[in-house]
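[1] Could you look at this predicted model? Sequence included:
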Amino acid sequence: MNLPLLIGIVIAYLLIMSGLAYLGNKQTRTAEDYLVAGRRAHPVVMALSYGATFISTSAIIGFGGAAALYGFGMLWLAFLNIFVGIFVAFAAFGVRLRRMASNLGATTFPTLLGERYQSRWITAFSGLMIFLFMPAYTSIVLIGGGRFLQETLKVDFNVGLMLLALIVGLYVVTGGLKAVLYTDAFCALVMMVGMVFLLFKSYFVVGGVLNGHEGLSAMRDLVPADLVEQGHRGWTAMPEFGSPLWWTLVSTLIMGVGIGVLAQPQLAMRSMTVRDNRSLYRAVLIGGVFMFFMTGTAFMAGPLSNLYFHETRGEIAVDVAGGNIDLIMPIFINQIMPEWFLYLFTLALLSAAISTISSLIHVQGAAFGEDILKTLGVKSGKGSLNLSKMGVLVGVVAAVILAYILPGSVIAQATAFWFGICAAGFLPALVGALYWRNATRAGASASIVTGFAVSIFGFLFLHQKEAAAIGLSEALFGKETLLPYPWTHVDPLVYALPVAAAVLVGVSRMTRSSLAPVRKQIQRSFAGVGKNGSAATESRDAADVTCRRRG
């Protein structure tokens, strides 16, 4: 290890991050600055921050390892990340979400839903779900960063975990979302350099694109027998349709994350930070290119690692990693990268961890201070901003505790769990809020509760991996799962999302009479939504809305 070089790179990195966090802190004066960056973020900064928040070590380490196990079928997730996660999220949802949030003065995702449906209960319950379940996602991002430090720098896993948590906690507490945006954008640039190099290096070490794919296809007979029984047909083919592996890949990893991104609170908030719709449209191209190199690289390098390890060690990737797929990418990266670039790539992976953790911790803090305590009438001598900072500290502690509790090979699965449960719980109500004026408070409330309840029931009693690990079904009914295959491998998102959507429509139609007293509020919510005015026009309209709110 070239210790002087490593120390120099790390010091330069920390100085830049500290400078950006300080800049964000200096520009943070109000609660709106802390929560939504004053609604004046530059589209490039927003797009890079969004991408860096979306792509964490869970995508590079966890999903890269999953791709090493499942093969190139994971590239369907890369497609959904770009089309749904960038184009739909910005050009369709984002423009409506931004304008409606401005109309209602909403600074958090739960507040937006609560104000749109005129329900303090929706705000508090949504904030509670975020505060309770998001630490599970935050913890696996911490695990990914800690595992990479463990393999690359031979740092003790516990030390790496605590160091990441400490760094993130400090600058999120002090700088708010402006500090998060600035540091995320810088992290995104570092990640981009590292991932572009990894993509070309991965194909180079296996002899190029054609040789790499042909060699990997020829390794079909080396797939472990237990994976073949579950439907694995080689790393360059999709699993057998309807097989256990197919259901896990498609329903959990691809659909869970690919669709669940639309209802991610930490990502939806990015649309609230820009000043007009044009900023969101400009962010589409930047975000799309960034997402291609981030997810595309991880999902191509993962399968190729099998060919590389077979040629150099005579083993496939999962065997080299001792069965823990979370270690595949760190080992592969350490094997193929030159020493000088390995340190830079270490920063790329740390940037991925820090950028995502900071956004998650920021959202948890906002959920604690703004959505739960403030909505319930709890006050602090220093205002809601102080409550949010308290929530940040609680979120950091919860994430660290879970990082020690969760087992190995859990990163990809836990990510899909969080994305899927958010989609089932929030997505129907969010779509109703943005597109359907006749969606009622009762319909949205019932939909949110149903989505979360059905998802949690599915994980406890139907989906085998979680049900077996938790053991509640075994304790109550004497068997791991209540229903036979394929329900044991079908992700709860597949049935929870349609059920929640049906509940939203059905209950809203049955409670249409409740819309009459809130028609003015609905009209205010939709004022200018779906219109593409100029920046000047939008600013003038926003000022009018602000004046009406204040007076």
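    Cool, the structure landed. Numbering: from 1, shown residues only.

[2] Run the chain-centre distance for stretch 114-132.
    The chain centre lies 20 Å from the centre of stretch 114-132; the measure is C-alpha atoms, centre = their mean, to the nearest Å.

[3] Show me what it is in contact with.
    100, 104-106, 108-111, 113, 265, 363-364, 367-368, 370-372, 375-376, 391, 395, 425-426, 429, 433, 439-441, 444-445, 448-449, 452, 518, 521, 525 (C-beta atoms under 8 Å, 6 or more residues apart in numbering). Using the backbone N, CA and C atoms, a C-beta is placed for each residue, glycine as well.

[4] Distance from the chain centre to stretch 259-272, please.
    Stretch 259-272 has its C-alpha centroid displaced from the chain centroid by 8 Å (C-alpha atoms, centre = their mean).

[5] so G194 touches L350, yeah?
    No. Assessed by C-beta atoms under 8 Å, G194 is found out of contact with L350, at 10.2 Å.

[6] any idea how far the residue nearest to L77 when sequence neighbours are not counted lies from I286?
    Leaving aside its sequence neighbours, L77 sits nearest to I254 (C-beta to C-beta, 6 or more residues apart in numbering; 4.7 Å). I254 is 24 Å from I286, where distance means C-beta to C-beta, to the nearest Å.

[7] measure stretch 90-108 end to end?
    This stretch, stretch 90-108, spans 17 Å end to end (C-alpha to C-alpha, to the nearest Å).

[8] An error on my part: the question was meant for stretch 464-480.
    Distance between the two ends of stretch 464-480: 7 Å, counting by C-alpha to C-alpha.

[9] buried stuff in it?
    By neighbour count with 16 or more other C-beta atoms under 10 Å, stretch 464-480 contains the buried residues 464-467, 473, 480.

[10] contacting residues for A399?
    By C-beta under 8 Å, 6+ apart, the contact set of A399 is 135, 138-139, 142, 165, 357, 360-361.

[11] Now do the helix or strand hosting M269: which elements does it pack against?
    Using DSSP states H and E, M269 sits in helix 265-271. Applying 3 or more C-beta pairs under 8 Å, 6 or more residues apart in numbering; DSSP states H and E, one finds that helix 265-271 contacts helix 43-54, helix 95-104, helix 109-117, helix 339-366, helix 411-435.

[12] And those: which comes nearest R220?
    Closest approach to R220 among the helices and strands packed on helix 265-271 is made by helix 411-435 (22.7 Å; C-beta to C-beta).

[13] average pLDDT across that closest one?
    Averaging pLDDT along helix 411-435 yields 86.

[14] Next secondary structure element downstream of it?
    Next helix or strand after helix 411-435 toward the C-terminus (DSSP H and E): helix 441-461.

[15] Okay, angle between that following helix and helix 109-117 too, please.
    Orientation note: helix 441-461 sits at an angle of 140 degrees relative to helix 109-117 (axes from the mean of the first three to the mean of the last three C-alpha atoms, to 10 degrees).

[16] Report the next helix or strand after helix 441-461 in sequence order.
    helix 464-470.

[17] can you list the weak-confidence ranges in this structure?
    Scanning the chain for pLDDT under 70 picks out 1-3, 34, 56-58, 148, 151-153, 169-176, 379-388, 407-413, 531-551.

[18] Which of the helices and strands packed on helix 265-271 sits closest to G73?
    Closest among these, using C-beta to C-beta: helix 411-435, at 13.3 Å.

[19] Tell me the helices and strands packed up against that closest one.
    For helix 411-435, the packing partners by 3+ C-beta pairs under 8 Å, 6+ apart come out as helix 64-70, helix 95-104, helix 109-117, helix 120-152, helix 255-260, helix 265-271, helix 441-461, helix 493-510.

[20] let's see it at 6 Å
    helix 109-117, helix 120-152, helix 255-260, helix 441-461, helix 493-510 (3 or more C-beta pairs under 6 Å, 6 or more residues apart in numbering; DSSP states H and E).

[21] hey, which of those helices is tucked in deepest?
    Highest mean neighbour count of those: helix 109-117, a mean of 27 (counted as mean count of other C-beta atoms under 10 Å).

[22] just how off-centre is that one within its chain?
    On C-alpha atoms, centre = their mean, the centre of helix 109-117 falls 20 Å from the chain's centre.

[23] show me where the stretch 151-300 of the chain has strands.
    Counting by DSSP state E, counting those that start in this stretch, the stretch 151-300 of the chain forms no strands at all.

[24] Just the helices from it, written as ranges.
    With helices called from DSSP state H, counting those that start in this stretch, the stretch 151-300 of the chain shows them at 157-205, 209-217, 225-229, 244-247, 255-260, 265-271, 277-291, 297-313.

[25] How about the secondary structure of the spatially closest residue to L462 that is not a sequence neighbour?
    In space, and not counting its chain neighbours, L462 is closest to W487: 5.1 Å by C-beta to C-beta, 6+ apart. Under DSSP: H, G, I helix; E, B strand; the rest coil, W487 falls in the coil class.

[26] please renumber so the chain begins at 17
    That works, and once the first residue is 17, the last one we named lands at W503.

[27] Surely W503 and H479 touch.
    No. The pair W503 / H479 is not scored as a contact, 8.0 Å apart, by C-beta atoms under 6 Å.

[28] Could you check how far G258 is from R249?
    Separation of G258 from R249 (C-beta to C-beta): 13 Å.

[29] More neighbours: which of the two?
    Between G258 and R249, counting by other C-beta atoms under 10 Å, R249 is the more crowded of the two (18 against 12).

[30] Compare I270 and I302 (neighbour count), which wins?
    The residue with more neighbours, out of I270 and I302, is I270; 23 against 20, by other C-beta under 10 Å.

[31] ok, the more buried one to V506 distance?
    When C-beta to C-beta is the yardstick, I270 and V506 sit 13 Å from each other.

[32] S267 now?
    5 Å.

[33] With I377 instead?
    Per C-beta to C-beta, I377 is found 32 Å from V506.

[34] ditto for M178
    38 Å.

[35] contacting residues around the closest residue to A117 other than its chain neighbours?
    Nearest residue to A117 in three dimensions, chain neighbours excluded: M288, at 4.5 Å (C-beta to C-beta, 6+ apart). Residues near M288 by C-beta atoms under 6 Å, 6 or more residues apart in numbering: 52, 114, 117.

[36] For those residues, give me CSV that also has neighbour count and distance to G339.
    Listed next are the contacts of M288 as CSV, based on neighbours: other C-beta atoms under 10 Å; distance: C-beta to C-beta, whole Å:
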residue, neighbour count, distance to G339
V52, 26, 44
R114, 26, 45
A117, 25, 45
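
[37] So G467 is in contact with F442, correct?
    No. Using C-beta under 6 Å, G467 makes no contact with F442, being 7.2 Å away.

[38] Off-centre distance for stretch 113-129?
    The answer for stretch 113-129 is 20 Å, by C-alpha atoms, centre = their mean.

[39] What lies in contact with that stretch?
    With C-beta under 6 Å, 6+ apart as the test, stretch 113-129 has contacts from 48, 51-52, 131, 138-139, 142-143, 281, 284, 287-288, 382, 386-387, 445, 449, 540-541, 543-545, 558, 561, 565.
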